[in-house]
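K.L.:
mind looking at a prediction? Sequence and model below.
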Amino acid sequence: MVDIGKQSVGSTTNLFQGYWSHVEFRPGGYDVAEATKRYLGVVQEGVLEVSREDVEYMGTTFPRVVELLTPSQMGMKFSGQIDELHQTNMLLAVGDDASVAAATQEGYIYPGASCGFGANEFGSLVCRRKRCSTDAPFVMEACLWKTVGSGAISIGGDADVVGTTVEFNALDDSNGEFMDQNPNWKNSAANHPLGYIFSPAPAANSTAVA
């Protein structure tokens, strides 16, 4: 007789609830000064997405079967809705410079003012969320080494709080220009060109099948 093994939740300690409650942008790269980092405030419905596309090579036997499977494209993206529509967040959303100097201007934002990107328009995005568990509290962290605000923003009207969607796509940083300059990262930059996800180890015995 076949034994069904463990069922349902491996451990409730492994569960995350709620939102990405801390999202910050670091103009110029991960290792900027503390005063230069920009907290985005409330980001509703934030979603971290890791995408992958594969190339399949089919043989000539019939029926045809996959002989080789190789990854052809990898991506990381964070998107959500920012509700605090001040100048710094708007600059980030349209992919503009949100360094200290730009964030203290008179409030004007000029989408499409340049056909290129300056050094401070790219930066690192760091997102964190806390596991709701008194037994094993843990902060999950995700980082996009090099990114810039992309996609469309839309500011509507409502009796409720009005926000706009924002999207950040990870760009290649295999030369280590924007990532943490700790030698453990920098010396092997090509091994982690997009960023990282820091996740907790599973609760004790939760991955055992029986």
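P.N.:
Now that the structure is in, tell me what you want to look at. Numbering: from 1, shown residues only.
K.L.:
spell out for me which residue occupies the centre of this protein.
P.N.:
The centroid of the chain falls nearest to residue 78 when counting by Cα atoms, centre = their mean (4.1 Å).
K.L.:
doesn't it lie inside a strand?
P.N.:
Yes - when classified by DSSP: H, G, I helix; E, B strand; the rest coil, residue 78 is found to be part of a strand.
K.L.:
that one and residue 66, how far apart?
P.N.:
The gap separating residue 78 from residue 66 is 32 Å, by Cβ to Cβ, to the nearest Å. In this view, the C-beta of every residue, glycine as well, is placed from N, C-alpha and C.
K.L.:
can you give me the helices for this protein?
P.N.:
87-93, 183-186 (DSSP state H).
K.L.:
and the longest one, what does it pack against?
P.N.:
Helix 87-93 sits against strand 38-39, strand 164-169, with contacts defined as 3 or more Cβ pairs under 8 Å, 6 or more residues apart in numbering; DSSP states H and E.
K.L.:
helices and strands around the first one, which ones?
P.N.:
This points to strand 38-39. strand 22-27, helix 87-93.
K.L.:
skipping its backbone neighbours, what lies nearest residue 143 in space?
P.N.:
residue 195 (4.6 Å; Cβ to Cβ, 6 or more residues apart in numbering).
K.L.:
residues touching the one you found, list them.
P.N.:
76, 124, 142-145, 170 (Cβ atoms under 8 Å, 6 or more residues apart in numbering).
K.L.:
looking at these, which has the most residues close by?
P.N.:
Using other Cβ atoms under 10 Å as the neighbour test, the contacts of residue 195 are led by residue 145, with 29 neighbours.
K.L.:
hang on, the earlier thing: now the helices and strands packed on helix 87-93 in CSV, with mean pLDDT, distance to residue 82 and mean neighbour count?
P.N.:
Converted to CSV, the helices and strands packed on helix 87-93 look like this (pLDDT from 0 to 100; distance: least, Cβ to Cβ, whole Å; neighbours: other Cβ atoms under 10 Å):
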stretch, mean pLDDT, distance to residue 82, mean neighbour count
strand 38-39, 93, 11, 16
strand 164-169, 94, 5, 20
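K.L.:
quick one, strands of this protein?
P.N.:
22-27, 38-39, 43-58, 66-82, 123-130, 139-147, 149-150, 164-169, 195-198 (DSSP state E).
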